[in-house]
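Peer 1: got a structure for you, letters missing:
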């Protein structure tokens, strides 16, 4: 008879995300051991079949695969430092949000403890975990990724980016940067229309339609970056964009709305034009972000 038992998994950290990860693992038939500093946060999971560990050491000892999802990297080190010896031979998957530098540093620390390390970036909010909308970025140990793919796929689409530990965090932060840029513009747009009493629900469909139409812009920008040519296929050049951008600032002032979410871009637009790049596309602004050009 074939043994179809799912491998055991330990989850350290039961905030909203850690709890969601634990729930989908349990739903998928994995034996799950959980630990959280505030033990009561494990109550609901224990009712669903999880085993509660009294300490991180006990939790780590319970499973070959250890998943960590805490507030930040200092929290991870604080929890794991006291039980580092127990990590030897374990597959350690860190799904805590952080920077590429933090991921690289922690990968070195984990290797010194004898753990096989995989870093991850979750591109989802807790309710999305386990649905087709979620995806998780991974970098570091390919062996951990391949060996534990079944458990990792429980969370969403698993995307392996390479052996360099910082790659998942780099992509995570880049994607979040794009998201926050869109959200900042959306907040400003709602404030602007709200200044005239336009209901948000009335304006939202137009904004959604416009942003959806702009969703192909990154693909075109990527092609220009790869070609190292910001001047080909330009539909709306930088000089025109710079001339019109001031109206966004003035309109906000006229409507009694702060333009501070949008204002930083205007001097950069004008600087790029002044440097002789007015005929190029907007993506050329990326050159101003390189430290040697700052």
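Peer 2: Sure, I can see it. Quick caveat: nothing in here was measured; it's all calculated off a predicted structure. Numbers count the residues shown, from 1 in each chain.
Peer 1: CA only for contacts and neighbour counts going forward, please
Peer 2: Will do.
Peer 1: Buried residues, stretch 149-160. List them.
Peer 2: Within stretch 149-160, the residues that count as buried by 16 or more other CA atoms under 10 Å are 150, 151, 152, 153, 154, 155, 156, 157, 158, 159, 160.
Peer 1: And these, which is closest to residue 139?
Peer 2: Nearest to residue 139 out of the buried residues of stretch 149-160 is residue 160 (CA to CA; 5.9 Å).
Peer 1: ranges for the strands of the stretch 51-200 of the chain?
Peer 2: Assigned by DSSP state E, counting those that start in this stretch, the stretch 51-200 of the chain shows strands spanning 51-52, 65-68, 91-94, 116-123, 135-140, 157-160.
Peer 1: Tabulate those strands (TSV), appending mean pLDDT and distance to residue 13.
Peer 2: Formatted as TSV, those follow (pLDDT from 0 to 100; distance: least, CA to CA, whole Å):
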stretch	mean pLDDT	distance to residue 13
strand 51-52	98	12
strand 65-68	98	6
strand 91-94	98	11
strand 116-123	98	15
strand 135-140	98	17
strand 157-160	98	21
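Peer 1: gap between the residue nearest the centre of the chain and residue 71?
Peer 2: With distances taken as CA atoms, centre = their mean, residue 172 lies nearest the centre of the chain, 3.5 Å away. Distance of residue 172 to residue 71, given as CA to CA, to the nearest Å: 15 Å.
Peer 1: quick one, helices of the protein?
Peer 2: Secondary structure of the chain (DSSP state H): helices located at 16-27, 43-47, 56-61, 73-81, 100-112, 142-147, 149-152, 167-194, 200-213, 217-227, 238-254, 265-272.
Peer 1: circling back to that earlier point, can you say which of the strands of the stretch 51-200 of the chain is nearest to residue 177?
Peer 2: strand 116-123 (12.3 Å).
Peer 1: Give the pairing partners of that closest one; include direction for each.
Peer 2: strand 91-94 (parallel), strand 135-140 (antiparallel) (DSSP bridges).
Peer 1: by how many degrees do the longest one and helix 167-194 diverge?
Peer 2: With axes from the mean of the first three to the mean of the last three CA atoms, to 10 degrees applied, the angle from strand 135-140 to helix 167-194 works out at 150 degrees.
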